[in-house]
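Asker: Structure for the following, please:
(chains A and B)
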Amino acid sequence: MEKKPKRIGVYICHCGGNISDYVDVEKVRQAVDGGDAEIVVMAKTTMFACSDANQRDMVEDIKANNLDSVVVASCSPKLHQLTFRNVSVRADLNKYTYVHANIREQASWAHSDNKMGATEKAIHLVKAAIAKSKYAEALETNKIKAKKAVAVIGAGVAGIKAAISLAEKDTEVILIEKEPFVGGRVAQWGSLFSTNETGKEMIDRLSADMSKYKNITLLTNSEVIDNKGSVGNISLKVRTNSDGNEKITELVVGSVLMATGFDYYTPEDGEFGYGTSNKIITLPVFKNMIDNQKGKLIHNGSEVKNIAYIYCVGSRQTDGENTYCSRNCCTSTIHAAVTAKQKFGDITNYHFNRGLRTYGKQEILYADSLRQGDIYLQSYEDGLPTVVTEGKKTIVKINDILTNGREIEVEADLVVLVTGMVPRSDNSSIGSLFKLPKGRDKFYNEVHMKLRPVETVIDGITIAGACQGPKNIAESVNSALSASTKSYSILSKGELETDPLIAVIDPEKCTWCGACEAACPFDAILKVENGKKVIAEINNSVCKGCGMCTPVCEPDAIDLIACSSKEIMSMIDALV
Amino acid sequence: MENPIKNIAYDALVVGAGIAGGEVALNLANTGYKVLLVDKELSVGGKMIMLSKVFPTLDCAACITTPKVSEISRHPNITIFTGSEVSNIKKLSENEFTAKVTKHPRYVRVEDCTACQLCEKACPVNVRDQYQFGLIGRKAAFIPFSICSPKAAAIDIENCTLCGACEKVCPTNCIDFTQETEVMNLHVKTVVIATGFDMFDAKKMPRYGYGQYKNVITALQMERELAPTRPFNTILRPGDGKVPDKIAYVLCVGSRDASVGNPLCSQICCMYSIKQAQLLMGALPMADVTIYYINIRSFGKGFEEFYQQAKGMGVNFVKGKIGRISEKEGGNLILRYEDINEGKLQEAEHDMVILSTGVLPNTGIDKFFENQTLSLDPFNFVGQSDALASPARTSIDGVFVAGTATGPMDIPDSILSAGAASSEAISYLVSQQY
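Answerer: Numbering: from 1, shown residues only, chains lettered A, B, ... in the order given. Sure thing, here's the model as predicted:
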């Protein structure tokens, strides 16, 4: 039966200049308007495709022109594919008929040095999207039951706050913690900036709060060792080691909230003299020291009077992997210096820094430190301070910017290397269990810093706290509460709609060779009996539609919904 | 004749429809609660909708704000009152608040306005356009800005001469000078404050010449020049319309400065200046851009890399706080400073100067509350009763705070802070159900 030809509308976005500065959007429009045997019945350019005004125009255009589907050529689908699918729905179209072309990241931004080339590429990308749109089919979303339970991994301050937040909203929480104790790093801290509470006291308070909720199950000494399923229905295996006994718990949750936190950077041997003298310690060790001592500050049997702090150790590296700024160490260090001076009196703090970053209200601390007599020495960008040992003395030398490059030496009783936050060493194992992508700083990556700051590309897995990037307590809590709000809103109705964009097997063609099962990273392929034959079958709720199975199937029995061979071939024809 | 005061009821009141308030409203609405979102401006979107691009990703600000604004305006659970203010918030008991909502007349029936702009063309009155931060003029009958929401005209009654020209040309007859201030009694179960921030008024530092020297502008004004919905076709200096080629940024204007009453760091100015500098290098490839700074605070995710990227693009960074700006004949500016790297006093000539002004609290928020005290922090931002462990809580149970109302914050931090406020508000609403 001959289907009547589709009527497609195309919108090409200027993206406020992000696209139109490099891609001639009018040229793209002309190249596709009326194209493909007049399937494209209308093509427009627009300043902001995602704006309210344009969205309203799209709904009107669809109705007025009797369009079957629309193509929008704009930024990455990560930002607005959902937006435009919803526009289609509002115009009474099926949302899966919508096709997106990314001409920002893939054309304009990638080829900003070649406007002609960028425009040509954009034309091809849009033509390919139109070719796909020809065969895009109306699909129904899968409705699945969502278990109203969340597994929170990590019981530091972020994990505890997330757990309480979810429990308050009548959601079951399983809080899984690797260590025997809760509270993570904060539990080990004494004095905190801007409050009279110590870290230990804060965690005690939060733990007491948490224990009031019967719907929080706390598993300490526990690690997740297996993960199957997908959002709404995630099966986890948790191994608990207590008193030499190992216990495996199996649980089913609707979503997972990662709050695994951070590690401290460990300086290399010899880095600013680390390891060559016991006078050279790291910031966390120093904080512990000043929290636990009274009267005089003693280290290795002698009184500490001169403390040298060397900033940015392991951060903002020009010839190392950690190029990022660790955000909170300036504040943390100055707080420690002010605390030490207030507690032990006869101390002089020397801050060897690369520019202080006490942002926001934390600036007050910097002013307090200056008032108490702390000395600030700033290095040039290309000349870091050095630490030398002369006999029993430890000397820190610097060419100081503020005194016009004068070389200044300080004989220090203690050298504190200000080390920042790095991703945890076990991030690779737990991260790969959940297939969490990492950013270039190797912390877990969010989908989009502003539009979707706590979500990951894996549906149902949110990230909170320092595992996403360096944060202080308040920032970690804000992120944990945001993640819990997100998790809650996904699960609160007890039912989820998922995209039906998965693989499908033709039982006639399949001869069960096992290649697809071996290729599937999600264990979504089952071996089943179908009458007389043994064939492969897709587990619909686990399959993520990644497509790894499709190329390895010799009889070509597997196809991907919404990315079918027919659609891809059509796109290839348009591209060449 | 007195009209009886209308009573309206919602689950939540969100005061302020900027990015934080909008995010809170969406989160609550998506959970099923009915939200009243109030903003004193004619449009939602706060400051973010006025920006050009955002750091460090250089996404266009409108591309991120307008879809959110669109979602908020369409959401069946959200009612938006623009041009409106809240006062006399009284807590009667847990989960029970009343307030007075005052809707100022717009003199336009929004539902009938098509934003055709015929009234704008007909209006004879010209005043400074506050939505372009004074760079150009607007009429007294005007559409606030091209991506405003609601997209409808308004009459600036203070400057209107009541000539009636707009009424005559309006094709839908939606201009209505008989509109009056509407006062309503509001009943809600929870309140979220998201009233944002104010920018430091650079006129308070006369030694920088803002308001006196035409080619000294503020960063928000440059933001408008750089935005896709910009007032001019190119980047130009307001004095004579010349395209600048030696541009200077002065950081920490009104921040880290006890002499003007603000000892805090405003957190966003280093980054927004670096962002603008990058955009200027793109828009004016021949121009020289120099940033005069005390410290560059590029502390967030991707920020340090963004800073290095700017250096790589050729933006000059000079460590030295500007002492004084003076004007030459012809409109160029002379900046006097101590160059810390060189160790000597210098004077540099630039044809355009941008002052990176700081973030100040939006004052008077505590006055919204009648029978309870909304505590402020020592810097006059809304006080956080448990700043580390529950940053969204205020001194009043059931009243929460989101975004820059608590202190300087960038957009990602504001959004996360809004997420936290939403979480607290939802928990509060849920807890009172039992």
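
Asker: what's stretch B:196-205 in contact with?
Answerer: B:16, B:18, B:20-21, B:46-47, B:208, B:210-211, B:216, B:218, B:220, B:253-255, B:260, B:262, B:266, B:355, B:357-363, B:403-405, B:408 (CB atoms under 8 Å, 6 or more residues apart in numbering or on different chains). Glycine gets a C-beta too; all of them are placed from N, C-alpha and C.

Asker: try 6 Å
Answerer: Applying CB atoms under 6 Å, 6 or more residues apart in numbering or on different chains, the external contacts of stretch B:196-205 come out as B:16, B:18, B:46, B:210-211, B:218, B:253-254, B:260, B:355, B:357-360, B:362, B:404.

Asker: now do stretch A:36-45
Answerer: Contacts to stretch A:36-45, defined as CB under 6 Å, 6+ apart, come from residues A:5-12, A:25, A:29, A:32-34, A:65, A:130.

Asker: who wins for most neighbours among these?
Answerer: With neighbours taken as other CB atoms under 10 Å in any protein chain shown, the top of the contacts of stretch A:36-45 is A:Ile12, carrying 30 neighbours.

Asker: Which pair in the contacts of stretch B:196-205 has the greatest spatial separation?
Answerer: Across the contacts of stretch B:196-205, the longest distance by CB to CB is 28.0 Å; it joins B:Gly16 and B:Gly211.

Asker: With neighbour numbers in mind, choose between those two.
Answerer: More crowded of B:Gly16 and B:Gly211, by other CB under 10 Å: B:Gly16, with 30 against 13.

Asker: Which one of the residues in the stretch 251-400 of chain B is closest to chain A?
Answerer: B:Gly343 (3.3 Å; CB to the nearest CB).

Asker: three-state assignment of residue 105?
Answerer: As the question left the chain open, I've gone with chain A. helix (DSSP: H, G, I helix; E, B strand; the rest coil).

Asker: To clarify, I was referring to chain B.
Answerer: Here B:Pro105 is recorded as coil under three-state DSSP.

Asker: what pLDDT does the residue nearest to it when sequence neighbours are not counted get?
Answerer: Distances taken as CB to CB, 6 or more residues apart in numbering or on different chains put B:Gln179 closest to B:Pro105, at 3.7 Å, once the chain neighbours are dropped. Looking at B:Gln179, its pLDDT reads 96.

Asker: and B:Gln179, how many neighbours?
Answerer: 16.

Asker: wouldn't it be in contact with B:Val108 here?
Answerer: No. In this structure, B:Gln179 is not within contact of B:Val108 by CB atoms under 6 Å, at 8.1 Å.

Asker: which of the contacts of stretch A:36-45 sit farthest apart?
Answerer: A:Pro5 and A:Val25 (25.9 Å).

Asker: Looking at the contacts of stretch A:36-45, which are in strands?
Answerer: A:8-12 (DSSP state E).

Asker: Could you list the contact residues of the stretch 201-350 of chain A toward chain B?
Answerer: A:202, A:316, A:324-325, A:327 (CB under 6 Å from any CB of the partner chain).

Asker: farthest pair in those?
Answerer: Within these (distances taken as CB to CB), the two that end up farthest apart are A:Met202 and A:Arg316, at 29.4 Å.

Asker: which phi and psi does the residue in chain A that chain B sits nearest to have?
Answerer: Per CB to the nearest CB, the residue of chain A with the smallest distance to chain B is A:Ser482, at 2.5 Å. Backbone torsions of A:Ser482, given as degrees, to the nearest 10, read phi -60, psi -40.

Asker: tell me the contacts of it?
Answerer: Listed by CB under 6 Å, 6+ apart, the contact set of A:Ser482 reads A:454, B:416, B:419.

Asker: For B:Ala277, give me its contacts.
Answerer: Taking CB under 6 Å, 6+ apart, we find B:Ala277 in contact with B:289, B:310, B:315.

Asker: Report all helices and strands that the helix of greatest length in chain A contacts.
Answerer: Longest helix in chain A by number of residues (criterion: DSSP state H): helix A:115-135. On a contact count with 3 or more CB pairs under 6 Å, 6 or more residues apart in numbering or on different chains; DSSP states H and E, helix A:115-135 meets helix A:25-32, strand A:69-74, strand A:99-102, helix A:565-575.

Asker: which of the ones you listed is buried the deepest?
Answerer: Greatest average neighbour count among the helices and strands packed on helix A:115-135 goes to strand A:69-74 (a mean of 27), per mean count of other CB atoms under 10 Å in any protein chain shown.

Asker: Leaving out sequence neighbours, find the closest residue to the spatially most central residue of chain A.
Answerer: With distances taken as CA atoms, centre = their mean, A:Asn445 lies nearest the centre of chain A, 2.3 Å away. Of all residues not flanking A:Asn445 in the chain, A:Gly439 sits nearest, at 4.2 Å (CB to CB, 6+ apart).

Asker: neighbours around that neighbour, how many?
Answerer: Other residues close to A:Gly439 by other CB under 10 Å number 15.

Asker: Kindly report the same for A:Glu390.
Answerer: A:Glu390 has 9 neighbours, counted by other CB under 10 Å.

Asker: which stretches of the chain have low pLDDT?
Answerer: No chain in the question, so chain A it is. For chain A, the stretches flagged by pLDDT under 70 are A:1-3, A:37-38.

Asker: try chain B instead
Answerer: Residues of chain B that meet the criterion pLDDT under 70 lie in B:1-3, B:433-434.

Asker: Quick one: the helices in it, in order.
Answerer: Going by DSSP H, chain B shows helices at B:19-30, B:61-74, B:118-122, B:165-169, B:219-226, B:269-283, B:303-313, B:411-431.

Asker: B:Lys139 is nearest to which of those?
Answerer: With CB to CB as the criterion, B:Lys139 lies closest to helix B:118-122 of the helices of chain B, at 5.0 Å.

Asker: The closest one packs against which elements?
Answerer: Packing contacts for helix B:118-122, counted by 3+ CB pairs under 6 Å, 6+ apart, involve strand B:141-142, helix B:165-169.

Asker: quick one, which of these is nearest to chain A?
Answerer: Comparing these by CB to the nearest CB, strand B:141-142 comes nearest, at 17.0 Å.

Asker: From the contact counts, what lies against the closest one?
Answerer: helix B:118-122.

Asker: what's the offset of stretch B:9-25 from the middle of its chain?
Answerer: Here stretch B:9-25 is found 16 Å from its chain centre; the criterion is CA atoms, centre = their mean, to the nearest Å.

Asker: just stretch B:232-252 next, same as before
Answerer: 22 Å.

Asker: first vs last residue of that stretch, how far apart are they?
Answerer: Terminal residues of stretch B:232-252 are spaced 27 Å apart (CA to CA, to the nearest Å).

Asker: Buried residues of that stretch, list them for me.
Answerer: Across stretch B:232-252, burial judged by 16 or more other CB atoms under 10 Å in any protein chain shown covers B:235-239, B:244, B:246-252.

Asker: any idea how far the residue nearest to the centre of chain A is from A:Asn478?
Answerer: Applying CB to CB, to the nearest Å, the value for A:Asn445 to A:Asn478 is 18 Å.

Asker: Just name the most buried of the helices and strands packed on helix B:118-122.
Answerer: strand B:141-142 (a mean of 26).

Asker: Okay, now the sheet partners of that strand, with direction.
Answerer: Strand B:141-142 pairs in its sheet with strand B:154-155 (antiparallel), by DSSP bridges.

Asker: Which residues outside the strand it pairs with are in contact with it?
Answerer: By CB under 6 Å, 6+ apart, strand B:154-155 touches B:42, B:106-108, B:141.

Asker: Next: stretch A:16-25.
Answerer: By CB under 6 Å, 6+ apart, stretch A:16-25 touches A:12-14, A:45, A:103-104, A:107-108, A:112, A:115, A:118-119, A:122, B:60, B:62, B:228.

Asker: What is the nearest of the residues you listed to A:Val285?
Answerer: Closest approach to A:Val285 among the contacts of stretch A:16-25 (CB to CB): B:Cys60, at 45.8 Å.
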